[in-house]
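Next one to model:
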Amino acid sequence: MRTLILSVSLLFLSAFGSAQESITNKLIWASGEFSGESVSGIRSMNDGVHYTSFGKGKDGTTIVKLAYLTGDTVAILASDASVFQAKKVGEAEAKAALTIEDYDFSADEKKLLIVTESEAMYRHSSSANYYIHDLSSKTTMPLTDFSKGKQRLAEFSPDGKRVAFVRDNNLFWVELTSGKETQITTDGKWNHVINGATDWVYEEEFGFDKGFQWSPGSDRIGFYRFDESGVREFQMAMYGQLYPDQYSFKYPKAGEDNAVVSIHIYDIPTGKTLKVDTGMEPDMYFPRIKWSTNNGGLCVMKMNRHQNELKFLLTDMPKAVGVTVPCTAIYNEKASTYIDVNDNLIFLPDGKGYLWNSEKDEYNHIYHFDMTGNQVAQLTRGPWDVIDFYGYEPKSKSVYFSASKESAIEQHVYAVPLTGKGMRKLSTQKGTHSAIFSATFAYYINFHSDANTPAYISLNSGKDGKELRKLKDNTNLKLRLEKYQLSKKEFFTFKNSTGEELNCWMIKPKDFNPVKKYPIYLSIYGGPGSNTVRDSWGGRDFFWHQMLAQKGYIVVSCDPRGTQYRGRKFKHSTYLQLGKLETEDMIDCAKWLGSQSYVDAKRIGVQGWSYGGYMTLLCMTKGADVFTAGISVAPVTNWRYYDSIYTERFMQTPQENPTGYDDNSPINHTEKMKGKLLLVHGSADDNVHYQNTMEMINSLVKANKQFDLFIYPDRNHGIYGGNTRLHLYDMMLNFVEKNL
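Numbers count the residues shown, from 1 in each chain. Below is the predicted model:
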């Protein structure tokens, strides 16, 4: 009898010992259960044989020098314990309080510029204290007198003898041998004038905050000056004290005044500052500046306010008159819609030309131009888009880049000669590949993942892409995931009402039964040039969707018209009518899903954040007959409330295109809403202002529509910090389980 009981017990354990464990929000957002391995802080060294990376040890954060081929540690260049043995600084206090957060080498690799005590400002920008660490003497000195305030954007000159930085909206440089600090500008003032950095809207929409560039000869600095005095201020109440503070900053909304921007060149030998003659046209953008090779001129990218005309202006210092430097146009491109700007301008080392990518042939491809702007060659061609430049290797005269050649949902690494003939594919496995190349392009560190597999990081040959060694394979994470019996993310397509085929993915419950009917959770973004349907690892969002699948929901995402990697026509189809075609595509997707035998068409929900929050509100109003419930986080509710650069790129100004703005603003369609809505926003969102949700509330109240609302005090667009994400996703889960 005891033997029988034991046998039954063993059978029971065998049947259920491998049962699926439940994913919870606490595991996703408040534990390291689903965290994977990666490699960070990578810098190739000049010899192309070694690289540096961040490490952790008994001395805290370390900067480790490694050999590419073997992965062997050659040296520990610096650590938290060693770096801050600085003279003229309270040593004991510094050692206890400071850690290495980031670093850069001088060009000769004899010094390190160490970032410490950083404080975030906006999405990209921060202030910090910087130290200069001499690798030979092992001594560390503060860059400047920290009592004057934190610094921003510090950078070595190419010869390693000087460092430039921004403090209090003014530009400075320091001579490292003497420690002498020189102030270049004096008129910097918060909310009035910025020198050497960018304003909020340039940082957010042109994607950079460092507004100065050293010349190759280290004798000049090109820099931006923003006169914000005419830009209207936006204010946010910051809670947490007896009387809330009012934080104000300059934020140009669509159709409103932008900062007046000018470009200048500071000449170190003479101490003079010259203004670049960029023309007399008002309201221009300068989305990038970059020095040409061999200490040539400063190239200034210039765009009109509609962002459909782009010029490259090259300065001519010898012809400077008084305090003005003339320019010559070396590139001019016009478009009927808009032109995207990126960091892919490469001046060739011989000084005879440059590389640039453009959508002018309907797909994003790489072109070679001479220094007068004449096209020498088109390096890539075909019905696919180049995604990113990795650089140019002069010995083989080859360009390295990534592209969507295989599929709009994949990304692979390629190389092509300057002739445009003999392009070779370096990556092999399906999915998404991104690369960090060595200085000589002999090697690259390859980050590869697919929709169901976390990152595999390897060293590969820059010649043929062959894997040379493994860096990280995330074996431990994969083993931990086995007990959760995850569902596969599956890709599919369907045709919308116009016959356009759209890319999608789906996660079904593990015990999916085609005879049953399941509710749909449609996760969306849908903004211009931003894709959610990628064959790449999704991180925490992936596990959020897996948890919903465990609870019996089918999770789906769809890339509507306006998203990227399918050519200019597809991407630019939403021009002047943001939200219109994307909403139609999401409604078509929901209808297609509802027609499947395994879907409960009366239980289709939608959720999105930012642009996805905007799309959620349009789905819940324009698509009220299709969508049962929606969660809208940090949404735009009227493009009139959003910033000038982003909004006008796709919509022109409200004065020029009022119907484009109004026809697709959710606040103008609330009377159509039928389903359940959860509206969430952070009160300190400097990007998509809390004002958007306030206006949506007014419209919903006017239409007498009931909804749920949650505001996170003092949280920005990311809505995070402490327990915030766990709280948010618990609330979202409760809403889904109650209403879908």
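
What segments of this protein are helices?
2-16, 25-29, 80-83, 91-97, 200-205, 475-482, 539-550, 568-571, 580-594, 611-621, 644-651, 658-663, 690-702, 724-739 (DSSP state H).

Would you map the strands across the stretch 251-400 of the chain?
For the stretch 251-400 of the chain, the strands defined by DSSP state E, counting those that start in this stretch cover 260-267, 272-276, 289-291, 298-303, 309-315, 324-325, 327-334, 346-347, 353-358, 365-370, 375-378, 386-393, 398-403.

so can I have CSV of those showing mean pLDDT?
Below are the strands of the stretch 251-400 of the chain laid out as CSV (pLDDT from 0 to 100):
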stretch, mean pLDDT
strand 260-267, 97
strand 272-276, 96
strand 289-291, 97
strand 298-303, 98
strand 309-315, 97
strand 324-325, 94
strand 327-334, 96
strand 346-347, 95
strand 353-358, 96
strand 365-370, 97
strand 375-378, 96
strand 386-393, 95
strand 398-403, 97
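
export those strands to JSON lines and tack on distance to Gln546 and mean neighbour count?
Just so you know, the C-beta spots here come from the backbone N, C-alpha and C atoms, and that holds for glycine as well. Formatted as JSON lines, these follow (distance: least, CB to CB, whole Å; neighbours: other CB atoms under 10 Å):
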{"stretch": "strand 260-267", "distance to Gln546": "46", "mean neighbour count": "20"}
{"stretch": "strand 272-276", "distance to Gln546": "53", "mean neighbour count": "17"}
{"stretch": "strand 289-291", "distance to Gln546": "44", "mean neighbour count": "20"}
{"stretch": "strand 298-303", "distance to Gln546": "43", "mean neighbour count": "22"}
{"stretch": "strand 309-315", "distance to Gln546": "43", "mean neighbour count": "22"}
{"stretch": "strand 324-325", "distance to Gln546": "57", "mean neighbour count": "18"}
{"stretch": "strand 327-334", "distance to Gln546": "44", "mean neighbour count": "16"}
{"stretch": "strand 346-347", "distance to Gln546": "41", "mean neighbour count": "20"}
{"stretch": "strand 353-358", "distance to Gln546": "37", "mean neighbour count": "22"}
{"stretch": "strand 365-370", "distance to Gln546": "38", "mean neighbour count": "19"}
{"stretch": "strand 375-378", "distance to Gln546": "44", "mean neighbour count": "15"}
{"stretch": "strand 386-393", "distance to Gln546": "27", "mean neighbour count": "19"}
{"stretch": "strand 398-403", "distance to Gln546": "28", "mean neighbour count": "23"}
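
returning to what we had before: most packed of the helices of the chain?
helix 611-621 (a mean of 29; mean count of other CB atoms under 10 Å).

okay, the angle between it and helix 644-651?
Orientation check (axes from the mean of the first three to the mean of the last three CA atoms, to 10 degrees): helix 611-621 against helix 644-651 gives 50 degrees.

Spatially central residue for the protein, please.
Central residue of the chain (CA atoms, centre = their mean): Gly207, 7.8 Å from the mean position.

Just list the residues touching that residue, thanks.
His124 (CB atoms under 8 Å, 6 or more residues apart in numbering).

got it, and the one 10 residues further on?
Neighbouring residues of Gly217 by CB under 8 Å, 6+ apart: 158-159, 295.

What separation is there between it and Gln183?
In this view, Gly217 and Gln183 are 22 Å apart by CB to CB, to the nearest Å.

ok, back up a step: got the strands of the stretch 251-400 of the chain as a markdown table, with distance to Ile409 columns?
As requested, those are exported to a markdown table (distance: least, CB to CB, whole Å):
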| stretch | distance to Ile409 |
| --- | --- |
| strand 260-267 | 38 |
| strand 272-276 | 42 |
| strand 289-291 | 32 |
| strand 298-303 | 31 |
| strand 309-315 | 29 |
| strand 324-325 | 46 |
| strand 327-334 | 29 |
| strand 346-347 | 28 |
| strand 353-358 | 21 |
| strand 365-370 | 20 |
| strand 375-378 | 25 |
| strand 386-393 | 12 |
| strand 398-403 | 13 |
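
among those strands, which is nearest Tyr642?
Nearest to Tyr642 among the strands of the stretch 251-400 of the chain is strand 298-303; the distance by CB to CB comes to 18.7 Å.

counting contacts, what elements does that closest one pack onto?
strand 260-267, strand 289-291, strand 309-315 (3 or more CB pairs under 8 Å, 6 or more residues apart in numbering; DSSP states H and E).

Sheet-wise, list the partners of the longest one with their directions.
So the one you mean is strand 260-267. strand 220-227 (antiparallel), strand 272-276 (antiparallel) (DSSP bridges).

Switch those strands over to JSON lines; also include distance to Asn476.
Compiled in JSON lines, these are given as follows (distance: least, CB to CB, whole Å):
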{"stretch": "strand 220-227", "distance to Asn476": "46"}
{"stretch": "strand 272-276", "distance to Asn476": "54"}
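
and Lys602, which of the ones you listed is closest to it?
Comparing these by CB to CB, strand 220-227 comes nearest, at 53.0 Å.

Next, the angle strand 298-303 makes with the closest one.
Using the same axes, to 10 degrees: strand 220-227 against strand 298-303 is 30 degrees.

Which residues outside strand 220-227 are in contact with it?
164, 171, 173, 184-185, 192-199, 202, 211-215, 259-268, 276, 286, 289, 291, 298, 317.

Give the buried residues for that strand.
220-226 (16 or more other CB atoms under 10 Å).

just to revisit the earlier point, quick one: closest of the helices and strands packed on strand 298-303 to Thr637.
strand 260-267 (29.3 Å).

So what angle separates the directions of that closest one and strand 327-334?
Using the same axes, to 10 degrees: strand 260-267 against strand 327-334 is 140 degrees.

Can you show me the CA trace of strand 260-267 as CSV?
Provided in CSV are the C-alpha atoms of strand 260-267 (Å, rounded to 0.1, in the frame of the first residue of the first chain):
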residue,chain,number,x,y,z
VAL,A,260,16.9,82.1,-33.2
VAL,A,261,19.9,79.9,-33.9
SER,A,262,23.3,81.0,-35.2
ILE,A,263,26.6,79.1,-35.8
HIS,A,264,30.0,80.5,-34.7
ILE,A,265,33.6,79.6,-34.9
TYR,A,266,36.0,80.4,-32.0
ASP,A,267,39.7,80.7,-33.0
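
neighbouring contacts of it?
171, 184, 219-227, 230, 272-276, 278, 284-286, 289, 298, 300, 315, 317, 325.

repeat for stretch 277-293
202, 206, 208, 213-216, 222, 224, 258, 261-263, 297-305, 307, 313-314, 324-327, 341, 343, 345, 347-351, 354, 371, 645.
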